[in-house]
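Undergrad: structure for the following, please:
(one chain, ligands or ions: 1)
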Amino acid sequence: MMATTALVWFRRDLRVHDHPPLRAALDAFERVVPVFVLDPRLLEGRFESEYRAAFLLDCLKDLRKALQERGGNLVVVRGTPEQELPRLAREHGATATYFASDVSPFAMGRDQRVEAALTEAGVEPRRTPGNFIADIGKVKPYSVFSPFWRAWRELPRRDVLGAPRTVTVPSNLAVGTIPAPGKRGDQHGGEAAGRRQMLAFDPATYDDARVNMALQTSRLSAYLHFGCVSARELETRSSGKFARQLAWRDFYAHVLLKHPRNTRHAHQAEMDAIEWEGEDEHFHAWCEGRTGYPAVDAGMRQLAQTGWMHNRARLITASFLVKDLHIDWRRGEQHFMRYLIDGDVAQNNGNWQWISSVGVDPAPLYRRFYNPTLQLQRHDPDGDYVARWAPDSQTITPIVDHAVERKRTMEAYGRARGT
Ligand SMILES: Cc1cc2nc3c(=O)[nH]c(=O)nc-3n(C[C@H](O)[C@H](O)[C@H](O)COP(=O)(O)OP(=O)(O)OC[C@H]3O[C@@H](n4cnc5c(N)ncnc54)[C@H](O)[C@@H]3O)c2cc1C
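TA: Take a look at the predicted model:
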């Protein structure tokens, strides 16, 4: 008799440690078929990114190795999951498919189509948690962080799972090739690299690193985005401000889950009426780090060259685009997605809306103006950040005057609000 078989569909949970779908499938079936579907819509879509694609391909190579070390393998197929998964299930006689639920509108729409196609083929889709610390769909919709955080802390946590010792797969697996990565940013993808980064990170250094742009914070964001590191496992090693930052990740995922229209619209609907009067020339100067404001130029060049930017620099550069150059936050959001290795629809959109004062967790506009000159004094006290990324910026004539533009923004936002 044929052994019982299930597919395990890896998505952005590219690890073997603490992997609920893999564990559940191994517990219930004799064999599993671990699979990743290289969907051209992911690599060539609106938010395509060379750096992120290279990181993903590293992750796949590393995951295949980890599965091979346990007697298994990773099937990599090109196509759409709604076609490829039922086909693979038929080929191997699989009767169930396990995967971890996700929150972006693209992922949710795709998963519905996949579930329908699997069900039609007689294969049972089984969703598990896995990508976030807690079950963020379980709480009522929140649009302010602090009350969300209080409710979220009370949510139950699942146990952290170890990596399986063995992964039994069918003997006739056609595993497919993993394309060679193109241009990389400054991080290699993969669970092995992610776990090394997690184990080497010293939370005691975090408070200083957060406020000084020349220092590095944990650098775990890309590993969290692709699930090379489990957010739940990381939580068990976290405390203080670092633990609170991890809660922001769950918060923005929660916001997108509850408000999918936010990917295209301001969460505060009236703020879609802002008249964006900025010039294309200024947008290009911002992208290329030629604004004459060293904090902005250093951040934008760090992003272009490495695929990462310090959180403080993300705040300064994003605020500058929207509130000094009067350019629609969505153009900035898209530019970040092209370069960030950790580019993540929920996190990027949530943060862009936050700094643009159009999203959740609102505060009075005057409190969310970042003066790029003062920010630089505070957050690059020794000048190391600018010296590294944009030493020539001081010689560029500033393209706008912050004080003047601040006034224009107050007026434009006031008009949109009808005040
Ligand atoms: C305009 C803008 C765009 C951003 N876009 C993204 C994005 O696409 N993807 C992304 O992962 N983060 C994004 N962030 C949040 C934050 O800047 C990065 O998560 C962080 O800088 C990554 O470096 P790290 O891993 O060293 O972070 P650490 O400071 O070490 O934090 C640890 C982890 O906590 C989470 N975290 C920290 N700060 C935030 C935050 N403000 N919002 C949500 N989660 C947070 C991340 O998962 C991060 O890896 C954005 C912030 C801004 C202001």
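Undergrad: up against the ligand, what does this structure have?
TA: Applying C-beta under 6 Å from any ligand atom, we find that the chain lies next to the ligand at 210, 217-221, 224-225, 245-246, 248-249, 252, 311, 314-315, 318, 336, 340, 342-344, 347-348, 351-352, 355. To be clear about C-beta, it is placed using only N, CA and C from the backbone, and glycine gets the same treatment.
Undergrad: and Pro125, what is it in contact with?
TA: Ala96, Thr97, Phe99, Val114, Glu115, Leu118, Thr119 (C-beta atoms under 8 Å, 6 or more residues apart in numbering).
Undergrad: can you pull out the helices in the stretch 1-150 of the chain?
TA: Secondary structure of the stretch 1-150 of the chain (DSSP state H, counting those that start in this stretch): helices at 20-28, 40-44, 50-68, 81-92, 105-120, 145-154.
Undergrad: just the C-alpha atoms of the last one, please, in PDB.
TA: So that's helix 145-154. The C-alpha coordinates for helix 145-154 follow below in PDB (Å, rounded to 0.1, in the frame of the first residue of the first chain):
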ATOM      1  CA  PHE A 145      -0.400  50.500  19.300                       C
ATOM      2  CA  SER A 146      -0.500  50.600  23.100                       C
ATOM      3  CA  PRO A 147      -3.900  49.000  23.600                       C
ATOM      4  CA  PHE A 148      -3.100  46.500  20.900                       C
ATOM      5  CA  TRP A 149       0.100  45.700  22.800                       C
ATOM      6  CA  ARG A 150      -1.700  45.200  26.100                       C
ATOM      7  CA  ALA A 151      -4.200  42.800  24.500                       C
ATOM      8  CA  TRP A 152      -1.500  41.100  22.500                       C
ATOM      9  CA  ARG A 153       0.600  40.300  25.500                       C
ATOM     10  CA  GLU A 154      -2.300  38.400  27.000                       C
END
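Undergrad: and Arg330, how close does it get to Val103?
TA: According to C-beta to C-beta, to the nearest Å, Arg330 stands 19 Å off from Val103.
Undergrad: the more surrounded of those two?
TA: Shown here are Arg330 and Val103; by other C-beta atoms under 10 Å, Val103 has more neighbours (22 against 18).
Undergrad: so the more buried one touches Ala346, yeah?
TA: Yes - assessed by C-beta atoms under 8 Å, Val103 is found in contact with Ala346 at 5.8 Å.
Undergrad: what touches both of the two?
TA: Common neighbours of Val103 and Ala346 (C-beta under 8 Å, 6+ apart) are Ala253, Leu256.
Undergrad: and the contacts of Pro125, which two are furthest apart?
TA: Based on C-beta to C-beta, the longest span within the contacts of Pro125 runs between Phe99 and Thr119 and measures 13.9 Å.
Undergrad: ok, the two, which is more surrounded?
TA: Phe99 (25 against 12).
Undergrad: can you read off the pLDDT for the more buried one?
TA: pLDDT recorded at Phe99 is 98.
Undergrad: check contacts around the closest residue to it other than its chain neighbours.
TA: In this structure, Phe99 finds its nearest non-sequential neighbour in Trp9, 4.0 Å apart by C-beta to C-beta, 6 or more residues apart in numbering. When contacts are counted by C-beta under 8 Å, 6+ apart, Trp9 touches Pro21, Val35, Phe36, Val37, Pro81, Leu85, Thr97, Tyr98, Phe99, Val114.
Undergrad: now Arg368: how far from Tyr142?
TA: Here Arg368 is placed at a distance of 19 Å from Tyr142 (C-beta to C-beta).
Undergrad: okay but Ala94 is in contact with Val33, surely?
TA: Yes - the criterion here is C-beta under 8 Å, and Ala94 meets it with Val33 at 6.1 Å.
Undergrad: what sits in contact with each of these two?
TA: Thr5, Ala6, Leu7, Leu88.
Undergrad: what residue is smack in the middle of this structure?
TA: Asp344 (2.7 Å; C-alpha atoms, centre = their mean).
Undergrad: residue contacts, that one?
TA: Taking C-beta under 8 Å, 6+ apart, one finds Ser221, His225 in contact with Asp344.
Undergrad: pretty sure Gln347 is touching Tyr252, no?
TA: Yes - shown here, Gln347 and Tyr252 form a contact pair, counting by C-beta under 8 Å, at 5.2 Å.
Undergrad: quick one: the strands in the stretch 151-300 of the chain, in order.
TA: Using DSSP state E, counting those that start in this stretch, no strands are assigned anywhere in the stretch 151-300 of the chain.
Undergrad: which of Arg368 and Tyr142 has more neighbours?
TA: Tyr142 (20 against 16).
Undergrad: and the more buried one, how far from the ligand?
TA: 15 Å (C-beta to the nearest ligand atom, to the nearest Å).
Undergrad: phi, psi for that residue please.
TA: phi -110, psi 140 (degrees, to the nearest 10).
Undergrad: could you measure the nearest residue to it once chain neighbours are set aside against Asn349, distance?
TA: Excluding the flanking residues, the one nearest Tyr142 by C-beta to C-beta, 6+ apart is Phe148, at 3.7 Å. The spacing between Phe148 and Asn349, counted by C-beta to C-beta, is 16 Å.
Undergrad: same check on His310?
TA: 20 Å.
Undergrad: and if you look at Met300?
TA: Using C-beta to C-beta, one gets 19 Å for the distance from Met300 to Asn349.
Undergrad: again, but for Asp384
TA: 31 Å.
Undergrad: looking at the two, which has the bigger crowd around it?
TA: Asn349 (25 against 14).
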